[in-house]
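**Student:** got a sequence here, can you build the structure:
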Amino acid sequence: MAAKFNTEFNYRYQVIGNTPWEKIKTLQGFLEGRVRAAALQEVGKLQLQAKIAKLKHLQETGLEHEVLELRAEIMETESFQETEEECYKLNHDEIKILNKLLKELYVIAEPTRIEGCTDEEMFEANAANEFTVNIGREIQAEMIANGRPSPAKIRNAMSNPYTWNALKSIGLIPKETKILEGNINPALEITLNAVEDESLYLTEKKESVVIDIRNKKKGVNNVG
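**Tutor:** Next comes the predicted model:
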């Protein structure tokens, strides 16, 4: 039975992405696959037409076994042609769904675009935001289900200061909690230090991401 690869519900609510830019990235990937499938369906139609034309030619000039072999191939292809036609229609319906959802997401995301940045550059700029929302929801789900987050999720949240600070500000992690780090130089005494992760530091870091993207577009080298 022919069926769409995914339903509109799944594309809208179940695909990877907790933020608009990440959802756009995911849906663009699905759309690329659906468009390619549509092109391959057209290729299949042309291949069938070519076989039929070749059969007519072989019936006049070819050997009997060649005619029989090609006729069998055509019969095999035509046996599931009706199903293929239904898949072709469903695939185009799916492309319409994806284009509609992407249009909706761009209405939300476009006002946040950094001037001059492509979609790919916006995906990069949004990476910390997407990770933070994702890990925040996972911790929230664990707290609802078990009363506390798992050590693995807390450890994962420590991977970057943006996420750590956001979780503290919303109350999922105690504000007085600090991330521990060791000495940068392994030759020094082995100690642990508490990392300062105040909001001002994070704001500066966030601005530096935007500046770095803009500099890359201008061909500016920040090294040294």
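
**Student:** low-confidence stretches in the chain?
**Tutor:** The model of the chain has pLDDT under 70 over residues 1-3, 62, 78-80, 197-224.

**Student:** leaving out the residues flanking it, which one is nearest to residue 92?
**Tutor:** residue 38 (6.5 Å; Cβ to Cβ, 6 or more residues apart in numbering). Glycine gets a C-beta too; all of them are placed from N, C-alpha and C.

**Student:** that neighbour: how many residues sit nearby?
**Tutor:** The burial count assigned to residue 38 is 15, neighbours taken as other Cβ atoms under 10 Å.

**Student:** would you agree it is in contact with residue 88?
**Tutor:** Yes. Using Cβ atoms under 8 Å, residue 38 makes contact with residue 88 at a distance of 7.5 Å.

**Student:** part of a strand, is residue 180?
**Tutor:** Yes. Assessed by DSSP: H, G, I helix; E, B strand; the rest coil, residue 180 belongs to a strand.

**Student:** look up how far residue 88 lies from the residue nearest the centre of the chain.
**Tutor:** The chain has residue 26 as the residue nearest its centroid, 2.8 Å off, counting by Cα atoms, centre = their mean. Look at residue 26 and residue 88: by Cβ to Cβ, to the nearest Å, they are 24 Å apart.

**Student:** hmm, back to that, secondary structure class for the residue nearest to residue 92?
**Tutor:** Under three-state DSSP, residue 38 falls in the helix class.

**Student:** so what's it up against?
**Tutor:** By Cβ atoms under 8 Å, 6 or more residues apart in numbering, residue 38 lies in contact with 88, 91-92, 95.

**Student:** top of these by number of neighbours, please.
**Tutor:** Across these, neighbour numbers were computed from other Cβ under 10 Å; residue 91 holds the maximum, 19 neighbours.

**Student:** for it, what are its contacts?
**Tutor:** Applying Cβ under 8 Å, 6+ apart to residue 91 gives the contacts 4-5, 34, 37-38, 41.
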